[in-house]
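**Student:** Please find the sequence and the predicted model below.
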Amino acid sequence: MNEAPIPAPPIEAERWFNTDRPLALDMFRGKVVVLHAFQMLCPGCVAHAVPQARRLHEIAKGLDDLVVLGLHTVFEHHAAMTPVSLEAFLHEYGLKMPVAVDRPSPDGPVPLTMAAYGFKGTPSTVVIDRAGRIVHLTFGAEDDLVLGLVLGSLLNRKVRDEP
């Protein structure tokens, strides 16, 4: 993403998994946040994004200023991707990071958070800086090295509101 950073829209969650309370991006101000948007029936998600998110979450457990969140955003095959199915998927794939279920739109198939971020589909990866701004957004498989460079650069910055 080469444009000036913009504030990250809130996560419109219908439900959360792997956390005992609802989460909001504002809770993580001062930290770098990676938001991995996926669908459990998306081949690119299952092959690349979900394993990447799982690895990154394991790494982030040792860091105070990096948070990894999942967003299950369903824009197709709605009947197959129920909360019960998602719970089984999270267990089978070993995803222990907090995962939001994107709130469905009353106006169409694209859920609210997906629409707010302008995702083209899944997988999508969003990196949010310490000030709550989107600094990196990709659609498709995100290269581990590219993501690592983006995160390393942001984590190295200690000033909370620098551009």
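**Tutor:** Cool, the structure landed.
**Student:** Please pull out the lowest mean pLDDT helix or strand from this protein.
**Tutor:** Least confident helix or strand, the chain: helix 43-44 with a mean of 88, by mean pLDDT, DSSP states H and E.
**Student:** who touches that helix?
**Tutor:** Under the criterion Cβ atoms under 8 Å, 6 or more residues apart in numbering, residues 122, 123, 140, 141 lie in contact with helix 43-44. For the C-beta atoms, the positions are set from N, CA and C on the backbone; glycine is no exception.
**Student:** and the first one, how far is that from residue 31?
**Tutor:** What it means is residue 122. 24 Å (Cβ to Cβ, to the nearest Å).
**Student:** So which of those two has more stuff around it?
**Tutor:** residue 122 (25 against 20; other Cβ atoms under 10 Å).
**Student:** distance of that one from residue 82?
**Tutor:** Residue 122 is 17 Å from residue 82, by Cβ to Cβ.
**Student:** what does residue 102 give?
**Tutor:** Taken as Cβ to Cβ, the span from residue 102 to residue 82 is 14 Å.
**Student:** which helices and strands does the top helix by length along the chain pack with?
**Tutor:** Identified as the longest helix of the chain according to DSSP state H is helix 144-156. Applying 3 or more Cβ pairs under 8 Å, 6 or more residues apart in numbering; DSSP states H and E, one finds that helix 144-156 makes contact with strand 32-38, helix 50-60, strand 124-128, strand 133-139.
**Student:** Now the longest one: average pLDDT?
**Tutor:** Okay, so that is helix 50-60. Average pLDDT, helix 50-60: 94.
**Student:** So for it, what gets flagged as buried?
**Tutor:** Neighbour-count burial for helix 50-60, counted by 16 or more other Cβ atoms under 10 Å, picks out 50, 52, 53, 54, 56, 57, 60.
**Student:** what residue is smack in the middle of the protein?
**Tutor:** residue 35 (1.9 Å; Cα atoms, centre = their mean).
**Student:** beta partners of it?
**Tutor:** Beta bridges link residue 35 to residue 69, residue 126, judged by DSSP bridges.
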